[in-house]
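Undergrad: here are the coordinates; sequence isn't available:
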């Protein structure tokens, strides 16, 4: 039996496990949002960074990459790795994955997806929505063991562009970060 994992954030460009196949596509009914706090990768407990999670939103498509993991040992290692890496995401769901926007027939059924719920009782790192400028300032100043939070958003924007995906929320947040960085550099 094979296992499929959907990457919609850093898993797009930094997998960290062996896989047999990589398929570009999307899940239906969700959008990518910078609502999850990161205190272990792109921030600290005192100053969390912002990373993406998924928010249910009818009619939306969230583009990303599905990874096929075939071997039993590879699946075990991938799960062990992902359970540590994605530990701040309190929900794991199985969704249908599509490759053709005009088709309602999934290319793959039951792709595993890590998500962060908005329930702060089970997800202590959920930050939720905020004004764009506030999110950008938080991203600029946050840094954790995996590096500056701003690198995360720029890597994500670039990875999505390479997939041919223009994610409006990611672009808006990235542009807000660029604007503030430019203002800081020029002293405006």
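TA: That came in fine, so what should we check first? Values in this document were obtained by computation on a predicted structure and should not be read as measured data.

Undergrad: So which bits of the helix ranked longest in the chain are buried?
TA: Counting residues, the longest helix found in the chain (DSSP state H) is helix 168-186. For helix 168-186, burial by neighbour count (16 or more other C-beta atoms under 10 Å) applies to 170, 173-174, 176-178, 180. Glycine gets a C-beta too; all of them are placed from N, C-alpha and C.

Undergrad: packing partners for that helix?
TA: With contacts defined as 3 or more C-beta pairs under 8 Å, 6 or more residues apart in numbering; DSSP states H and E, helix 168-186 has these neighbours: strand 21-38, helix 132-141, helix 149-163.

Undergrad: Indicate which one of the ones you listed is closest to residue 118.
TA: strand 21-38 (7.3 Å; C-beta to C-beta).

Undergrad: Quick one: name whatever helix or strand follows that closest one.
TA: Going down the chain from strand 21-38, the next helix or strand is strand 49-69, by DSSP states H and E.

Undergrad: and the helix or strand immediately after that following strand in the chain with strand 49-69, angle?
TA: Note on strand 49-69: by DSSP H and E, the next helix or strand toward the C-terminus is helix 72-85. Calculated by axes from the mean of the first three to the mean of the last three C-alpha atoms, to 10 degrees, helix 72-85 forms an angle of 170 degrees with strand 49-69.

Undergrad: contact partners of helix 72-85?
TA: 3, 5, 16-20, 69, 114 (C-beta atoms under 8 Å, 6 or more residues apart in numbering).
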